[in-house]
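S.K.: Structure, please.
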Amino acid sequence: MRVVLSTWGGRGDVEPMAALAVRLRERGVQVRLCAPPDEDIARRLAAVGVPLVPYGPSARASASKALPPTESARPPAGEVVARVSAEIAASQRRVLPEAAEGCDALVATGVPAALGGARSVAEKLGVPWVHVTFQQLTLPSPHRAPLAYPGQSYPPGITDVPTLWKLHDRYLNELFGEAINATRAALGLPPAEDVTSFLFGGRNWLASDPVLDPWQGSAEVDVVQTGAWFVPDDRPLPDDLRAFLDAGEPPVYVGFGSMPMKAAADLPRAVVEAVRAHGRRMVLLRGWAGLSAVDDRDDCFVVGEVNHQALFGRVAAVVHHGGAGTTATAARAGRPQVLVPQGADQPYWAGRVAELGIGAAHDGPVPTARSLASALETALAPETAERAAALAGRVRTDGAATAADLVVEQLG
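M.R.: Alright, predicted model coming up:
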């Protein structure tokens, strides 16, 4: 059996697909992953032996263009998304049909332009396909409001959920319809009239943990919740990092992954001062935000690529941007969290962590030393740590294996 996986986005969009690829290979399936051409993504996939077919613009460069140094230099968010969507779609329709030729199934996630292109290629080739999401907010539901895409806002005072979904669907058509239908036209397929039903009207897999993200939908949407997808990671921590961890009390981890972060120039000092306000040492992930030590004191250790599964088990708290994967990994490790959401689904995860009592949601995307220290006070409280440790045993770890079985049984 041959399966092609497709995504476009940052590390959080790629890592779970790598987890599925690893589990599929264990079942004798030939698999390749179409993803952005970023060097960190290529290195990570090579480390787990997953063949990469690169396409589209760099995810990191695209994020940086969307967040230039000054507010006045930033183009409208919707304009940026539409432009990047067109670039993604144009590259994907050159690469994916050839990559998927002769495959038995296609599993896709990522931004709507890439998702629509993958669904169109599957249609052209006549192979089954599945849409994967790592949180439920993009899936139509009568029980909650939809996710707001960049540049989208709802009229004040409108809280009726069906009305909000109608506005959401209209905006998706305006934002992504042109890119998706350009791909369909190039493949000789008729246009998709409605983006939402086109993307989510078939088979959907919700690759999130049922405790952290309990599905709230209806029978009208075909959804199977598998649990979150983790790459088995047995990489040892670097010797110097282990020595730092062994030299004192568990530190606070701070990392914002593939988020450039607003006001990033002031961010390292704010982070360091906030952690020091609690008398804690810290491990900083350099990441796209460029975190770094601000002086020569020995309470700060800066890392690049590192095994989060091993590291999170040795820290006092995890401060991060609120990506689905990082939230689930910290919960699995039983560590309290502080989420500093930047957008998309991240405010949702921040709210869930706060509701479950396993951490704190930072108020706003730009942390100061004072605001971050205040959030850390909640996360470092003994009762928060107790709740986080208790919840860890309820987080599923077999999501990728479950999904791999579904691929073989339902699509093979």
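
S.K.: Please make it C-alpha for all contacts and neighbour counts, starting now.
M.R.: OK.

S.K.: my read is Ala390 is in a helix, agree?
M.R.: Yes. Remark: Ala390 belongs to a helix, assigned using DSSP: H, G, I helix; E, B strand; the rest coil.

S.K.: contacting residues for it?
M.R.: If you count contacts by CA atoms under 8 Å, 6 or more residues apart in numbering, Ala390 has them with Gly334.

S.K.: Could you look up the SS state of Val50?
M.R.: coil.

S.K.: measure it to Gly217 for me?
M.R.: 33 Å (CA to CA, to the nearest Å).

S.K.: what does Trp288 give?
M.R.: Applying CA to CA, the value for Trp288 to Gly217 is 34 Å.

S.K.: Then Ser153?
M.R.: In this structure, Ser153 and Gly217 are 23 Å apart, going by CA to CA.

S.K.: Mind checking which of Val50 and Gly217 has more residues around it?
M.R.: For Val50 against Gly217, the residue with the higher neighbour count under other CA atoms under 10 Å is Val50, and the figures read 20 against 16.

S.K.: Spell out which helix or strand contains the residue nearest the centre of the chain, please.
M.R.: With distances taken as CA atoms, centre = their mean, the chain has Gly12 as the residue nearest its mean C-alpha position (3.4 Å). Gly12 is part of helix 11-26, with elements assigned from DSSP states H and E.

S.K.: Likewise for Val53?
M.R.: strand 52-54.

S.K.: Determine the set of other helices and strands touching that strand.
M.R.: With contacts defined as 3 or more CA pairs under 8 Å, 6 or more residues apart in numbering; DSSP states H and E, strand 52-54 has these neighbours: strand 30-35, helix 39-47.

S.K.: Tell me how far that strand lies from the chain's centre.
M.R.: 19 Å (CA atoms, centre = their mean, to the nearest Å).

S.K.: Check which residues of the lengthiest helix in the chain are buried.
M.R.: Across the chain, the helix with the greatest residue count (assigned by DSSP state H) is helix 161-186. Of the residues in helix 161-186, those with enough neighbours to count as buried (16 or more other CA atoms under 10 Å) are 162, 164-165, 167-169, 171-173, 175-184.

S.K.: now do stretch 201-217
M.R.: Judged by neighbour count using 16+ other CA under 10 Å, the buried positions of stretch 201-217 are 204-213, 215, 217.

S.K.: What mean pLDDT does that stretch get?
M.R.: Stretch 201-217 carries an average pLDDT of 96.

S.K.: Quick check: end-to-end length of that stretch?
M.R.: The separation between the terminal residues of stretch 201-217, taken as CA to CA, is 13 Å.

S.K.: circling back to that earlier point, which single one of the buried residues of stretch 201-217 is nearest to Pro140?
M.R.: Each of those was checked against Pro140 using CA to CA; the closest is Gly217, at 7.2 Å.

S.K.: That closest one is in contact with Ala145, isn't it?
M.R.: No. Judged on CA atoms under 8 Å, Gly217 makes no contact with Ala145 at a distance of 11.5 Å.

S.K.: Pull out the CA atoms of the helix or strand bottoming out on mean pLDDT in the chain and give them to me as CSV.
M.R.: The helix or strand of the chain with the lowest confidence, counting by mean pLDDT, DSSP states H and E, is helix 59-66 at a mean of 79. This file holds the C-alpha atoms of helix 59-66, laid out as CSV (Å, rounded to 0.1, in the frame of the first residue of the first chain):
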residue,chain,number,x,y,z
ALA,A,59,6.5,28.5,6.1
ARG,A,60,9.0,30.5,8.2
ALA,A,61,9.5,33.2,5.5
SER,A,62,5.8,33.5,5.0
ALA,A,63,5.2,34.0,8.7
SER,A,64,7.9,36.7,8.8
LYS,A,65,6.4,38.5,5.9
ALA,A,66,3.1,38.6,7.7
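
S.K.: Run the chain-centre distance for the following helix or strand past it.
M.R.: As assigned by DSSP H and E, the chain's next helix or strand after helix 59-66 is helix 77-100. Distance of helix 77-100 from the chain centroid (CA atoms, centre = their mean) equals 19 Å.

S.K.: Can you name the next helix or strand after helix 77-100?
M.R.: Downstream of helix 77-100, the next assigned helix or strand under DSSP H and E is strand 105-108.

S.K.: and that following strand, what other elements does it pack with?
M.R.: Identification of packing neighbours for strand 105-108 by 3+ CA pairs under 8 Å, 6+ apart yields strand 2-6, helix 112-125, strand 129-133.

S.K.: Right, I'll call it a day here.
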